[in-house]
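Undergrad: Dropping a prediction and its sequence here:
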Amino acid sequence: MALFEVEGWNIKADDVAVGGIPKNKKQKSKEKKAKRDEMSSRKRKHESKEPEEDAEEKPEGKESNRKVQKSDSAKGKKKGGSEKKESASEGKKPEAGTEQSPLPTTQKLTPLQQKMMAKLSGSRFRWINEQLYTVSSEDAFQLIQEQPSLFDEYHQGFRAQVQSWPENPVDVFVDQIKQRLSTRPVNAPGGMPGLPTKDVVIADMGCGEAQLALDVNSFTKEFNSAKKGKKKSRNGPQNNVNVKVHSFDLKKTNERITVADIKNVPLPDESCSVVIFCLALMGTNFLDFVEEAYRILAPRGELWVAEIKSRFAESSENKILRPEDVGSEFVEALKLCGFFHKKTDNSNKMFSRFEFFKPPKEIIEERKAKLERRKKFVEQESEKERLLQKRTEQPEGEWLLKPCIYKRR
């Protein structure tokens, strides 16, 4: 509301100073400046993000001065804009939730999400497992070469399965090697079979992550180190034991592994003293693996096999069998491949373990003569032919050892 209304000079209440005297322009500009300073200080206190020294002072001049300053800042925007941003970001304190968090892991998932992830991983593992059991070793080799991540996914799921087992067959084989090396000399009765040089050479076929090689090598180093300075035992090993483990599988996940299709490994004839298949007879053509084991084994060398009981044909048909009869058809098939059967261990509820050995030539000739006297040599040869014929009609992975396929949930 105007106090005085004179043409060309209207004085309002805000323009009156204390005492009723009209304010001049200098007083008005000072009050405006004071208000701006007060507002800017309040703003700085409220935000508390930019340092006080970066706060720009407002010009006291007229509107034209503001325009000049505005145009100057516009000119220098391209040059100094990035620098201002950097200085402002350096002065600001990090706010909660602004830091980049790592990719989500199963530990940060909700229980429901973790359950769903576990189901997806389980389904993936079952699919890869089924592929490896129901195709030939050549197809499995090509599959892993084209998609190497499948091998890692499979063994991740396999490790989860092993945790629920009462015992791992790999550990059983490692314990057997340790016991025989530490109690008897190489090539002695009850000791580990070795080459004529008394070196123990093991081929771990389908080794997975080569855990057997890791454990055996570690034991050998400790054993040889502990033997130094001790008196020689009459019954135990007389010298250091020399053990070499060749590990073969479809992917090189560590330096211990050689990539190969285990029906054709890069080893010379009769160069190994032990060949191990620990849950590794997976392809539909697994008797090719057995024949390769026969090739690389030295005479009197041993073949060790561990397999799931439910895979054996007679067990999967729900027949009532004596424990010693589990895997009998499998044993007969390996005999036809040239091996002699030493023993079968069915003491474990889940797995059966078998030991065979490759007979030397003199035993082969002796056995042949015996069969001829009994007129059974021709019968044995005909059995070999029948086995070969049956394999051509239907792969042995479909009838001799059933594929280990998990039920879909």
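TA: Perfect, I can see it now.

Undergrad: can you list contacts of stretch 147-161?
TA: Stretch 147-161 is contacted from outside by 121-122, 124-126, 128-129, 132, 143-144, 208-209, 249-251, 253, using C-beta atoms under 8 Å, 6 or more residues apart in numbering. For the C-beta atoms, the positions are set from N, CA and C on the backbone; glycine is no exception.

Undergrad: Between which two of those residues is the distance greatest?
TA: Using C-beta to C-beta, these span at most 22.3 Å, a distance reached by 122 and 249.

Undergrad: Looking at those two, which one has more neighbours?
TA: The residue with more neighbours, out of residue 122 and residue 249 and counting by other C-beta atoms under 10 Å, is residue 249; that gives 25 against 16.

Undergrad: where does residue 276 land in three-state SS?
TA: At residue 276, secondary structure determined by DSSP: H, G, I helix; E, B strand; the rest coil is strand.

Undergrad: how about it, what does it touch?
TA: For residue 276, the residues meeting the contact criterion (C-beta under 8 Å, 6+ apart) are 173, 202, 203, 204, 205, 212, 304, 305.

Undergrad: please redo it, this time with the cut-off set to 6 Å
TA: Listed by C-beta atoms under 6 Å, 6 or more residues apart in numbering, the contact partners of residue 276 are 204, 304.

Undergrad: going forward can the numbers begin at 50, since that is how I track them
TA: Taking 50 as the first residue, the last one we looked at is residue 325.

Undergrad: So in terms of bridging, what pairs with it?
TA: Residues found in beta-bridge contact with residue 325 (criterion: DSSP bridges) are residue 253, residue 353.

Undergrad: Could you tell me what pLDDT the model assigned to it?
TA: Residue 325 is assigned a pLDDT of 98 by the prediction.

Undergrad: measure it to residue 258 for me?
TA: When distances are taken as C-beta to C-beta, to the nearest Å, residue 325 and residue 258 turn out to be 14 Å apart.

Undergrad: Buried residues in the host helix or strand of residue 390, which are they?
TA: Using DSSP states H and E, residue 390 sits within strand 389-394. Residues of strand 389-394 classed as buried under the neighbour-count rule (16 or more other C-beta atoms under 10 Å) are 389, 393.

Undergrad: I'd like to know which elements the following helix or strand past that strand is packed against.
TA: Next helix or strand after strand 389-394 toward the C-terminus (DSSP H and E): strand 400-406. Contacts defined by 3 or more C-beta pairs under 6 Å, 6 or more residues apart in numbering; DSSP states H and E place strand 400-406 against strand 346-357, strand 389-394.

Undergrad: Parallel or antiparallel, which strands does the shortest one pair with?
TA: Within its sheet, strand 389-394 is paired with strand 400-406 (antiparallel), according to DSSP bridges.

Undergrad: Let me know the pLDDT of the nearest residue to residue 375 once chain neighbours are set aside.
TA: Using C-beta to C-beta, 6 or more residues apart in numbering and skipping residues adjacent in sequence, the residue nearest residue 375 is residue 395, 5.1 Å away. For residue 395, the pLDDT comes out at 91.

Undergrad: same check, this time on residue 187
TA: For residue 187, the predicted pLDDT is 96.

Undergrad: Quick one: mean pLDDT over the host helix or strand of residue 202.
TA: Per DSSP H and E: residue 202 is located in helix 198-211. Per-region confidence: helix 198-211 scores 90 on mean pLDDT.

Undergrad: before we move on, what about stretch 89-100?
TA: Stretch 89-100 shows a mean pLDDT of 59 in the predicted model.

Undergrad: From residue 289, how far out is residue 273?
TA: When C-beta to C-beta is applied, the distance between residue 273 and residue 289 equals 5 Å.

Undergrad: Compute the inter-axis angle for the strand holding residue 390 and strand 346-357.
TA: Angle of strand 389-394 versus strand 346-357, following axes from the mean of the first three to the mean of the last three C-alpha atoms, to 10 degrees, is 30 degrees.

Undergrad: residues in contact with strand 389-394?
TA: Residues outside strand 389-394 that contact it (C-beta under 6 Å, 6+ apart) are 380, 402, 403, 404, 405, 406, 408.

Undergrad: What of stretch 405-413?
TA: When contacts are defined by C-beta under 6 Å, 6+ apart, stretch 405-413 is touched by residues 346, 348, 349, 350, 351, 352, 383, 388, 389, 390, 391.

Undergrad: buried set for the helix holding residue 202?
TA: Per 16+ other C-beta under 10 Å, helix 198-211 contains these buried residues: 199, 200, 203, 204, 206.

Undergrad: Restricting to C-alpha, output that helix in PDB.
TA: What follows is helix 198-211 as a C-alpha-only set of coordinates in PDB (Å, rounded to 0.1, in the frame of the first residue of the first chain):
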ATOM      1  CA  SER A 198      32.800 -73.800 -19.400                       C
ATOM      2  CA  LEU A 199      30.700 -76.900 -19.400                       C
ATOM      3  CA  PHE A 200      33.600 -78.800 -17.900                       C
ATOM      4  CA  ASP A 201      33.800 -76.300 -15.000                       C
ATOM      5  CA  GLU A 202      30.000 -76.300 -14.500                       C
ATOM      6  CA  TYR A 203      30.000 -80.100 -14.400                       C
ATOM      7  CA  HIS A 204      32.800 -80.300 -11.800                       C
ATOM      8  CA  GLN A 205      31.200 -77.600  -9.700                       C
ATOM      9  CA  GLY A 206      28.000 -79.700  -9.500                       C
ATOM     10  CA  PHE A 207      30.100 -82.900  -9.000                       C
ATOM     11  CA  ARG A 208      31.800 -81.400  -5.900                       C
ATOM     12  CA  ALA A 209      28.400 -80.700  -4.500                       C
ATOM     13  CA  GLN A 210      27.400 -84.300  -5.000                       C
ATOM     14  CA  VAL A 211      30.600 -85.600  -3.400                       C
END
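
Undergrad: Is it correct that residue 387 is in contact with residue 343?
TA: Yes: assessed by C-beta atoms under 6 Å, residue 387 is found in contact with residue 343 at 5.3 Å.

Undergrad: higher neighbour count, residue 273 and residue 289?
TA: Remark: of residue 273 and residue 289, residue 273 carries more neighbours, 15 against 12, as counted by other C-beta under 10 Å.

Undergrad: Quick one: residues contacting that one.
TA: By C-beta under 6 Å, 6+ apart, the contact set of residue 273 is residue 289.

Undergrad: sec struct for residue 237, please.
TA: Secondary structure assignment for residue 237 (three-state DSSP): coil.
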